[in-house]
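**Q** Below is the sequence, then the predicted model.
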Amino acid sequence: MAISPDLSDPLDDAKGGISLWGRWLQDRDEQVVLKLRVATGTKGRAVRVDFKSASLKVAVNAEVCMDGTLSAQVLPDECEWQLDDDAEGGRELVVTLRKASPGWWDRVLQQACQPPARRKPYPRRPASRFSALRMRPSPPRPLTSRPSCSGG
């Protein structure tokens, strides 16, 4: 049996892109690979990826990173994910989607992801000379005897 060369198109950064959730690349026939940066020390049990033929939902530490309708159909039983260490010493979630039909994708999700909603921080008050006093715990108060309610 002769070994034939692999003539498939390699994954190509030029055929992918960068989005709010991370970056992605693809080959023409089989797969789309998504790379999402996650916090250093993220464990697999903190990741949830729901594959459906027409949609994808990714959550890390209960925070939804991406959720929406895919721009083309995938084979959900052949999709997978894994956590890898990246070149900069951090972690990244690598999600591999298997295309249901060959062709180039112009985007991953039909609609652009909205950045995660973050609460506005409370406005900081300017520091005063009494700030340090407010931050120290107060000393315990001595117990004093209370008047009895019996009246007599």
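**A** Yep, it's here.

**Q** C-alpha only now, for contacts and for neighbours.
**A** OK.

**Q** Could you check how far residue 105 is from residue 39?
**A** Distance, residue 105 to residue 39, using CA to CA, to the nearest Å: 28 Å.

**Q** of those two, who's got more company?
**A** Neighbours per residue, other CA atoms under 10 Å: of residue 105 and residue 39, the larger number sits with residue 105, 18 against 12.

**Q** OK, contacts around the more buried one?
**A** Taking CA atoms under 8 Å, 6 or more residues apart in numbering, we find residue 105 in contact with 26, 71, 72.

**Q** lowest average confidence, helix or strand, in the protein?
**A** helix 131-135 (a mean of 53; mean pLDDT, DSSP states H and E).

**Q** quick one on the thing from earlier: any quick PyMOL command for the buried ones out of the contacts of residue 105?
**A** Burial among the contacts of residue 105 is assessed by 16 or more other CA atoms under 10 Å; the matching PyMOL selection reads:
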select buried, resi 26+72
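
**Q** Looking at the contacts of residue 105, which one is closest to residue 94?
**A** Residue 94 lies nearest to residue 26 out of the contacts of residue 105, by CA to CA, at 12.7 Å.

**Q** Surely the closest one touches residue 33?
**A** Yes. Assessed by CA atoms under 8 Å, residue 26 is found in contact with residue 33 at 6.0 Å.

**Q** where does this protein dip in pLDDT?
**A** 1-14, 112-152 (pLDDT under 70).

**Q** and with 50 instead?
**A** Across the chain, the ranges flagged by pLDDT under 50 are 4-9, 119-120, 122, 147-152.
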